[in-house]
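S.K.: Curious how this folds, go ahead:
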Amino acid sequence: MDSYLKKKKSHMRFDDFLSHIDTLKSSPLGGLEAQFKLAPKLRLKYDSDKIKANNPRRAAVLALFYPNDDNETTFLLTERASYKGTHSAQISFPGGKIEDQDPKLSDTAIREANEEVGIIKEDIQIIREITDVYIPPSNFLATPFIAYLNYKPSFIINQEVASTIEVLLSDLMDESNVDTILMDTSYMKKIDVPCFRLNEHIVWGATGMMLSEIKEMLK
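M.R.: Here you go, the predicted model:
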């Protein structure tokens with residue numbers, strides 16, 4: 001992927017992305033070191049023992065790559081609907097908690113993508129699982145799965161999603177889109193939070209951490 005991603009404004013063609021899938025499957029994961037580049041300070045307080053002691057609920061999300069209308073590699077984010085809850089109106093991947101009908105966590109990610117944005121389950125190609133992300137405010141341990149579609153989907157959103165956001169992979173790789181923002185949330189006030197600025201949206205927290213690890217893999 002080198003020549004495509006070294007140039008700040010170059011847009012990776014989707015066929016080039018597909019040609020590197022075998023490499024992605026075997027690439028070493030950046031793990032917590034990669035994630036913590038985009039981790040809020042609150043998250044840094046939780047080590048593996050503390051997370052285990054909290055007995056978090058399990059969840060899974062789908063980082064879905066696909067070609068846009070110009071055959072450039074893009075991935076899907078969603079803007080959550082507004083509600084009285086911890087993650088209201090935040091930017092995230094499609095995903096949610098594991099249900100009894102899900103044989104494994106990858107099935108959770110696929111089912112949620114189908115329910116939330118209408119992705120056809122059978123067309124989703126899982127590339128790999130990456131590092132779990134602990135989400136302190138809601139006490140979830142979320143497993144991200146990188147996947148792809150061979151075409152641009154038609155999105156049908158449900159009540160959990162306000163809108164879909166199509167992001168160029170080249171924008172994720174652009175270092176100028178990494179920033180820090182002063183934020184107030186339901187659980188912390190006036191705190192500097194590392195983030196990505198993507199399509200005029202602020203992407204931070206668990207989703208930012210997942211994207212940070214994906215970005216390190218693609219480098």
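S.K.: where's K25, which helix or strand?
M.R.: Using DSSP states H and E, K25 maps to helix 21-26.
S.K.: following that helix, which helix or strand shows up next?
M.R.: Once helix 21-26 ends, the next helix or strand along the chain (criterion: DSSP H and E) is helix 31-35.
S.K.: Against which helices or strands is that following helix packed?
M.R.: helix 205-218 (3 or more C-beta pairs under 8 Å, 6 or more residues apart in numbering; DSSP states H and E). For every residue, glycine as well, the C-beta is placed using N, CA and C.
S.K.: Can you tell me what sits against the helix it packs on?
M.R.: Applying C-beta atoms under 8 Å, 6 or more residues apart in numbering, the contact partners of helix 205-218 are 1, 5, 24, 27, 29-31, 34-40, 43, 61, 63, 77, 90-93, 130-131, 133, 135, 142, 144, 146, 169, 172-173, 193-196, 203.
S.K.: Just the strands from this protein, written as ranges.
M.R.: Using DSSP state E, the strands found in the chain span residues 57-67, 73-80, 91-92, 95-97, 125-129, 133-135, 140-148, 161-168, 178-183, 191-198, 201-203.
S.K.: okay if I get these as JSON lines plus mean pLDDT?
M.R.: Converted to JSON lines, the strands of the chain look like this (pLDDT from 0 to 100):
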{"stretch": "strand 57-67", "mean pLDDT": "98"}
{"stretch": "strand 73-80", "mean pLDDT": "97"}
{"stretch": "strand 91-92", "mean pLDDT": "95"}
{"stretch": "strand 95-97", "mean pLDDT": "96"}
{"stretch": "strand 125-129", "mean pLDDT": "98"}
{"stretch": "strand 133-135", "mean pLDDT": "94"}
{"stretch": "strand 140-148", "mean pLDDT": "98"}
{"stretch": "strand 161-168", "mean pLDDT": "97"}
{"stretch": "strand 178-183", "mean pLDDT": "92"}
{"stretch": "strand 191-198", "mean pLDDT": "93"}
{"stretch": "strand 201-203", "mean pLDDT": "95"}
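S.K.: buried subset of the contacts of helix 205-218?
M.R.: When these are checked for burial by 16 or more other C-beta atoms under 10 Å, the buried set is 1, 5, 24, 29-30, 34-40, 43, 61, 63, 77, 90-93, 130-131, 133, 135, 142, 144, 146, 169, 172-173, 193-196, 203.
S.K.: Of all the strands of the chain, which one is nearest E115?
M.R.: Distance to E115, taken as C-beta to C-beta, is lowest for strand 95-97 among these, at 8.0 Å.
S.K.: May I see the buried residues of the closest one?
M.R.: By 16+ other C-beta under 10 Å, the buried positions in strand 95-97 come out as G95, G96.
S.K.: again with stretch 146-162
M.R.: By neighbour count with 16+ other C-beta under 10 Å, stretch 146-162 contains the buried residues I146, A147, Y148, L149, P153, F155, I157, V161.
S.K.: pLDDT value on the residue of the chain positioned farthest from its centre, please?
M.R.: Most distant from the centre of the chain: A53, at 25.4 Å, with distances by C-alpha atoms, centre = their mean. Listed pLDDT for A53 reads 96.
S.K.: Let me see the contact set for it.
M.R.: Contact partners of A53, counting by C-beta under 8 Å, 6+ apart, are absent.
S.K.: separation between it and R43?
M.R.: 16 Å (C-beta to C-beta, to the nearest Å).
S.K.: Repeat that for F17.
M.R.: From F17 over to R43 the distance is 29 Å, taken as C-beta to C-beta.
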